[in-house]
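**Q** next comes the sequence, and after it the predicted model I'd like to discuss.
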Amino acid sequence: EAGVVQSPRYKIIEKKQPVAFWCNPISGHNTLYWYLQNLGQGPELLIRYENEEAVDDSQLPKDRFSAERLKGVDSTLKIQPAELGDSAVYLCASSHLTDLNTGELFFGEGSRLTVL
Amino acid sequence: KNEVEQSPQNLTAQEGEFITINCSYSVGISALHWLQQHPGGGIVSLFMLSSGKKKHGRLIATINIQEKHSSLHITASHPRDSAVYICAVSDYGGSQGNLIFGKGTKLSVKP
């Protein structure tokens, strides 16, 4: 079975341009996460979905970032317009959340964004 | 103070050495995750545990809930173990889906 699939793997854009990342989680996983990871740092949550509902988007810079998971399966993360400081790796992860715990996490390979 | 602290931040070892990476946390948790990230690569889940000890090959993870501490051990280390090891906890006090990450331990195993 395929793992978490992300695309594109790499993206280079000029500042003020838009960019979008796509994530297809593992089949059956109800929880999907978008994380931002800067070099040498741990992942930082941007948004978490349970099915199609965004249950935690408190760390998402809503003036320029948006995300959707319309059918509760795959998801897109968009930045418009991109800024130099947005250069980072954008990680998608999925798990099956139960009442007891998060469940094992599965990460995609990440999308590395470079803003020039 | 970070809610999840890892030590050491950087670790260099010779091939064959026994390695220990520590993780301390300050919140109530429902589970603790150990993750591995190779340079330029994605993150792989190594263990998820809420009590006791788990073993997979040369990797062993332990957790002491009372002391709020976990350790990841690597026996007979190999250069291919070189990676960043990240500890993350599911915050029981908050939403079950929330994860709090440590900053990672960068391991380099020399041949």
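**A** Good, I have the coordinates.

**Q** paired strands for the helix or strand bottoming out on mean pLDDT in chain B, with orientation please.
**A** Using mean pLDDT, DSSP states H and E, the weakest-scoring helix or strand in chain B turns out to be strand B:99-101, at a mean of 86. Paired strands of strand B:99-101, with direction, are strand B:83-91 (antiparallel) (DSSP bridges).

**Q** hey, C-alpha coordinates of the strand it pairs with in PDB?
**A** Taking Å, rounded to 0.1, in the frame of the first residue of the first chain, the C-alpha atoms of strand B:83-91 are listed here in PDB:
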ATOM      1  CA  ALA B  83      19.900  10.700  11.200                       C
ATOM      2  CA  VAL B  84      17.900  13.100  13.300                       C
ATOM      3  CA  TYR B  85      15.800  11.400  15.900                       C
ATOM      4  CA  ILE B  86      12.700  13.300  17.100                       C
ATOM      5  CA  CYS B  87      10.600  12.700  20.100                       C
ATOM      6  CA  ALA B  88       7.000  13.800  20.000                       C
ATOM      7  CA  VAL B  89       4.100  13.400  22.500                       C
ATOM      8  CA  SER B  90       0.400  13.300  22.100                       C
ATOM      9  CA  ASP B  91      -0.900  15.900  24.600                       C
END
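
**Q** run through who's touching it.
**A** Strand B:83-91 has contacts (Cβ atoms under 8 Å, 6 or more residues apart in numbering or on different chains) with A:42-43, A:101-102, A:105, B:3-4, B:6, B:21, B:23, B:25, B:27-39, B:43, B:46, B:70, B:72, B:96-107. Any C-beta I mention is one placed from the backbone N, CA and C, and that applies to glycine too.

**Q** re the thing from before, how far does the least confident helix or strand of chain B sit from its chain's centre?
**A** Offset of strand B:99-101 from its chain centre (Cα atoms, centre = their mean, to the nearest Å): 12 Å.

**Q** please enumerate the strands of chain B.
**A** Listed in chain order, the strands of chain B (DSSP state E) span residues B:4-7, B:10-14, B:19-25, B:29-37, B:43-49, B:52-56, B:59-64, B:69-74, B:83-91, B:99-101, B:105-110.

**Q** okay if I get these as TSV plus mean neighbour count?
**A** TSV is the format used below for those (neighbours: other Cβ atoms under 10 Å in any protein chain shown):
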stretch	mean neighbour count
strand B:4-7	19
strand B:10-14	13
strand B:19-25	19
strand B:29-37	23
strand B:43-49	20
strand B:52-56	12
strand B:59-64	18
strand B:69-74	20
strand B:83-91	24
strand B:99-101	23
strand B:105-110	17
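
**Q** give me the most central residue, chain A.
**A** By Cα atoms, centre = their mean, chain A has its centre lying nearest to residue A:34, at 2.6 Å.

**Q** can you tell me how far that residue sits from chain B?
**A** From residue A:34 across to chain B, the span is 12 Å (Cβ to the nearest Cβ, to the nearest Å).

**Q** low-confidence ranges, chain A, go.
**A** Applying pLDDT under 70 to chain A flags residues A:1, A:98-102.
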